[in-house]
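>>> whatever this is, show me its structure:
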Amino acid sequence: MVDLAGAADLGQEHIDVAAVLGQIVDDAQASAAAEIGYPGATDLDHRPVMDRLGHRLWNNIGDPGDVGGVANTRVLERAVVAWVADLLAMPTNDRWGYVTTGGTEGNLAALYAARRRYRGARVFFSQAAHYSIPKLVRVLGAHGVLVRADERGEMDYDDLAAQLRRRRRSPAIVVATAGTTLTEAVDDTDRIRDLLAEHPAGGHLHVDAALSGIPLALDGRLRLDDAAGIGSIAISGHKFFGTPVPCGVVLVRDNVRTRGKPIAYTGTSDTTISGSRCGLATALLWHSIAVQGREGHRWRAVRARELAAYAVEQITAVGWRAWRHDHAMTVVLDTPPAEVLDQHTLATDGAESHLICMPGITRTQIDAFVTDLAIAAHRPTVPRPRTPADPLRLTTTY
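Purely as a prediction, here's the structure:
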């Protein structure tokens with residue numbers, strides 16, 4: 001076994017590169033069966049792309065519509081953007097987008113464009129929004145407004161309406177979430193659209209759909225047609241699409257998006273946040289779509305939800321509280337005992353945890369988790385002996 005801590009010292013005279021990389025792979029494979037708490041699909045084989053393209057730089061610098069320049073996969077990027085936009089029923093004459101590094105960059109690109117379109121806008125987001133949203137509000141120097149969420153993670157629309165009324169003179173950018181981090185809740189964009197339509201200063205509706213955007217679009221439950229009133233959306237590629245590198249897609253209405261300046265020495269337009277973008281990630285996204293198509297991805301979503309329903313059934317059968325939204329791959333449960341968390345990697349936030357039945361997760365993994373949970377849940381506990389209170393110790397409550 002290689003001591004990976006030693007790999008941090010690149011000043012060594014000799015580093016066994018093969019051994020270090022091999023150890024990283026071995027460690028990842030050893031823990032893979034227990035990793036059921038984070039949203040990365042693992043059922044797709046991307047080796048055809050990695051074998052053909054993984055040995056050189058693919059730099060999608062500039063706008064997806066640009067031509068020429070260094071070796072790039074922009075033709076595939078245009079195809080990916082068009083496929084996702086078509087799936088979401090986004091009008092062909094009012095769409096623009098590109099392949100990002102992930103959901104956070106997608107959110108940043110959309111909010112940046114909306115802020116330039118609506119000067120002085122306040123950004124409204126719920127308590128259940130992704131942690132990147134308040135961070136991006138600070139990055140943009142914007143004024144953020146926190147909106148309450150209910151106990152299942154959905155935005156409180158009455159609170160949103162009240163917050164909008166208090167800021168009637170300022171344009172509003174509202175961030176809805178399609179698949180919140182902990183519960184995979186989906187905010188009602190129709191209700192938010194109607195509230196924005198009544199807002200005197202106008203505004204923009206953005207959807208952070210990193211996890212659930214594609215499955216919901218495949219169901220017809222998420223659309224970006226003119227009636228939807230949605231101005232932009234960000235989707236992750238390494239979650240449902242299962243790419244082995246972080247990436248995503250951002251789509252913005254063409255009448256909102258940022259118009260970049262031409263850069264002479266690259267021969268491209270500067271329309272994206274990151275400038276140089278990973279052409280390999282684009283190829284991997286394209287591969288996922290080309291191989292599976294709409295029907296393949298639809299069945300992946302169906303099977304993932306069926307496994308999530310099975311997980312809820314099995315967990316509750318051993319006397320442990322668990323639930324899920326009807327559209328969700330995410331199962332929310334009371335946080336298991338420490339000995340279970342030591343064996344199974346879940347995402348935990350205080351009293352609640354979740355596991356996500358992403359494509360690639362199996363019944364065997366769920367059964368193993370439930371077995372360990374049942375053993376821990378029914379193990380008798382031995383009460384700790386009490387320590388006599390110190391009569392001289394004073395306790396102060398703040």
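
>>> any idea how far residue 305 is from residue 94?
32 Å (Cβ to Cβ, to the nearest Å). Any C-beta I mention is one placed from the backbone N, CA and C, and that applies to glycine too.

>>> looking at those two, which is more packed in?
residue 305 (20 against 16; other Cβ atoms under 10 Å).

>>> strands of this protein, residue ranges please.
Secondary structure of the chain by DSSP state E: the strands cover 96-100, 122-126, 143-147, 172-177, 203-208, 232-236, 248-252, 261-263, 268-270, 322-323, 330-334, 347-349, 352-356.

>>> worst average pLDDT in the ones you listed?
In terms of average pLDDT, strand 261-263 trails the rest of those, at a mean of 77.

>>> tell me the strands beside that strand, with direction?
Strand 261-263 has the following sheet partners, assigned by DSSP bridges: strand 268-270 (antiparallel).

>>> list the buried residues of the partner strand.
268-270 (16 or more other Cβ atoms under 10 Å).

>>> equivalent analysis for stretch 134-153, please.
136-137, 140, 142, 144-145, 147, 149, 153.

>>> quick check: the farthest pair among those residues?
140 and 153 (24.7 Å; Cβ to Cβ).

>>> and residue 279, what does it touch?
By Cβ atoms under 8 Å, 6 or more residues apart in numbering, the residues touching residue 279 are 53, 57-60, 71-74, 76-77.

>>> ok, 7 Å please
58-60, 72-73 (Cβ atoms under 7 Å, 6 or more residues apart in numbering).

>>> kindly report the same for residue 347.
37-38, 353-354.

>>> pLDDT, distance to residue 298 and neighbour count added to the contacts of residue 279, as CSV?
As requested, these are exported to CSV (pLDDT from 0 to 100; distance: Cβ to Cβ, whole Å; neighbours: other Cβ atoms under 10 Å):
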residue, pLDDT, distance to residue 298, neighbour count
58, 95, 29, 19
59, 94, 33, 19
60, 94, 28, 30
72, 94, 31, 23
73, 96, 26, 26
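
>>> show me where the chain has helices.
17-32, 47-53, 74-87, 103-117, 132-139, 157-166, 189-197, 213-219, 279-317, 338-343, 363-377 (DSSP state H).

>>> dump the fourth one to PDB, restricted to CA.
It refers to helix 103-117. C-alpha atoms of helix 103-117 as PDB (Å, rounded to 0.1, in the frame of the first residue of the first chain):
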ATOM      1  CA  GLY A 103     -23.900  23.700 -12.000                       C
ATOM      2  CA  THR A 104     -22.200  26.500 -10.100                       C
ATOM      3  CA  GLU A 105     -20.700  28.100 -13.300                       C
ATOM      4  CA  GLY A 106     -24.100  27.600 -15.000                       C
ATOM      5  CA  ASN A 107     -25.800  29.500 -12.200                       C
ATOM      6  CA  LEU A 108     -23.100  32.200 -12.300                       C
ATOM      7  CA  ALA A 109     -23.400  32.700 -16.000                       C
ATOM      8  CA  ALA A 110     -27.200  33.000 -15.800                       C
ATOM      9  CA  LEU A 111     -27.200  35.400 -12.900                       C
ATOM     10  CA  TYR A 112     -24.500  37.500 -14.400                       C
ATOM     11  CA  ALA A 113     -26.500  37.900 -17.600                       C
ATOM     12  CA  ALA A 114     -29.700  38.600 -15.600                       C
ATOM     13  CA  ARG A 115     -28.000  41.200 -13.500                       C
ATOM     14  CA  ARG A 116     -26.700  43.000 -16.600                       C
ATOM     15  CA  ARG A 117     -30.200  42.900 -18.100                       C
END
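
>>> just give me how far it sits from the chain centre.
15 Å (Cα atoms, centre = their mean, to the nearest Å).

>>> likewise the third one?
On the basis of Cα atoms, centre = their mean, helix 74-87 sits 19 Å off its chain's mean C-alpha point.

>>> so that helix versus strand 248-252, what angle?
60 degrees (axes from the mean of the first three to the mean of the last three Cα atoms, to 10 degrees).

>>> that older thread, ok, so of the contacts of residue 347, who is nearest residue 45?
Closest to residue 45, out of all of the contacts of residue 347 and judged by Cβ to Cβ, is residue 38, at 20.2 Å.

>>> residue 245 is in contact with residue 102, correct?
No: with contact defined as Cβ atoms under 7 Å, residue 102 does not reach residue 245; the gap is 9.5 Å.

>>> quick one, which of those two is more surrounded?
Remark: of residue 102 and residue 245, residue 102 carries more neighbours, 20 against 15, as counted by other Cβ under 10 Å.

>>> for the more buried one, report the pLDDT, please.
96.

>>> how close does it get to residue 278?
11 Å.

>>> mutual contacts of those two, please.
residue 247.

>>> which residues does residue 155 bridge with?
Beta-bridge partners, per DSSP bridges, of residue 155: residue 149.

>>> please name the residues that touch it.
Contacts of residue 155 by Cβ under 7 Å, 6+ apart are 126, 147, 149, 176, 187.

>>> if I look at it, how far off is residue 128?
7 Å.

>>> between those two, which contacts overlap?
With Cβ under 7 Å, 6+ apart as the test, residue 155 and residue 128 both reach residue 149.

>>> that older thread, got a winner among the contacts of residue 347 for most neighbours?
residue 354 (24 neighbours).

>>> pretty sure it contacts residue 184?
No: between residue 354 and residue 184 there is no contact under Cβ under 7 Å: 8.1 Å.

>>> common neighbours of the two, please.
residue 330.

>>> mind checking how far the residue nearest the centre of the chain is from residue 106?
The residue lying closest to the centre of the chain (Cα atoms, centre = their mean) is residue 210, at 3.4 Å. Going from residue 210 to residue 106 by Cβ to Cβ gives 8 Å.

>>> what do you get for residue 120?
23 Å.

>>> those two: which is more packed in?
Remark: of residue 120 and residue 106, residue 106 carries more neighbours, 33 against 11, as counted by other Cβ under 10 Å.
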